[in-house]
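S.K.: Need coordinates for the following:
(2 chains)
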Amino acid sequence: DQQVKQNSPSLSVQEGRISILNCDYTNSMFDYFLWYKKYPAEGPTFLISISSIKDKNEDGRFTVFLNKSAKHLSLHIVPSQPGDSAVYFCAATNSGTYKYIFGTGTRLKVLA
Amino acid sequence: ETGVTQTPRHLVMGMTNKKSLKCEQHLGHNAMYWYKQSAKKPLELMFVYNFKEQTENNSVPSRFSPECPNSSHLFLHLHTLQPEDSALYLCASSQERTSTDTQYFGPGTRLTVL
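M.R.: Predicted coordinates for the structure are as follows:
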């Protein structure tokens, strides 16, 4: 049973617009969440994280929102750029462990 | 070299072969990880090493054998693999083995078992 789900396998967005990538989780023990970005032929690279004590974390064009009651997090990219085209993975973990549980990824394509 | 490197980047092997995957991290980290990513599946944690000691074996078949001679190097020895073991194998490292220590990934080895 997948504990972290990314239900949209792909997303296309026009350059300059907002990209919203979604992630749902089932385990209420998760208290730390991360987003990774992966380009073809490269490993995942860390993008942004959020602790469950917050509901928002911002880093430049990237903002992650956490809704604990809905067990949902989202990554907003504003404005989207063609270089943002990649596969985005969300991951969740519990502070009592070091294991990351990953989603299956969402492929974002930003159209110029 | 910087970050986490993996060799080879691509590997094709028969079911009776023995091969090894190598990972090296240049970040001064103490924890290293092996992950497997099969098509359309999430990354699955296989093994974890902390200060060269194995701390996690996530029910991985014995045909996969990890080795960590020091905190900078991690190997995955492969023997008598099955076609379903074809996948992307990713190595990662983190400063410590805690949830908030970000894991940094290498580029992966794309393995094909014939």
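S.K.: Excluding chain neighbours, give the residue nearest to A:N94 in space.
M.R.: A:M29 (4.9 Å; CB to CB, 6 or more residues apart in numbering or on different chains). Yep, even glycine has a C-beta here, placed from its N, CA and C like the rest.
S.K.: Helix, strand or coil: sort out the one you found for me.
M.R.: coil (DSSP: H, G, I helix; E, B strand; the rest coil).
S.K.: Now do the contacts for the residue of chain A found nearest chain B.
M.R.: Across chain A, the shortest distance to chain B (CB to the nearest CB) belongs to A:G43, at 3.4 Å. If a contact means CB atoms under 8 Å, 6 or more residues apart in numbering or on different chains, then A:G43 has B:V4, B:Q6, B:L90, B:A92, B:F105, B:G106, B:P107, B:G108 as its contacts.
S.K.: What does the pLDDT read for it?
M.R.: With respect to pLDDT, A:G43 has a value of 91.
S.K.: can you confirm it is in a strand?
M.R.: No: applying three-state DSSP, one finds A:G43 to be coil, outside a strand.
S.K.: What backbone torsions are found at it?
M.R.: The phi/psi pair for A:G43 (degrees, to the nearest 10) reads phi -80, psi 160.
S.K.: and chain A, which of its residues are near chain B?
M.R.: A:2, A:4, A:31-32, A:34, A:36, A:41-46, A:49, A:51, A:89, A:93-105 (CB under 8 Å from any CB of the partner chain).
S.K.: Using ChimeraX, define a selection of the buried residues within those.
M.R.: Buried residues within these, by 16 or more other CB atoms under 10 Å in any protein chain shown, are selected in ChimeraX with:
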select /A:4,31,32,34,36,43,44,49,89,93,94,98,99,100,101,102,103,104,105
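S.K.: Restricted to helices, list the residues of chain A next to chain B.
M.R.: Among the residues of chain A next to chain B, no residue falls in helices (DSSP state H).
S.K.: contacting residues for the residue lying closest to A:D1 once chain neighbours are set aside?
M.R.: Nearest non-adjacent residue to A:D1, counting by CB to CB, 6+ apart: A:T26, 7.5 Å away. Shown in contact with A:T26 (CB under 8 Å, 6+ apart): A:D1, A:Q2, A:Q3, A:V4, A:K5, A:K71.
S.K.: Measure how buried the fifth one is and give me the count.
M.R.: If I follow you right, that is A:K5. Applying other CB atoms under 10 Å in any protein chain shown, we find 17 residues neighbouring A:K5.
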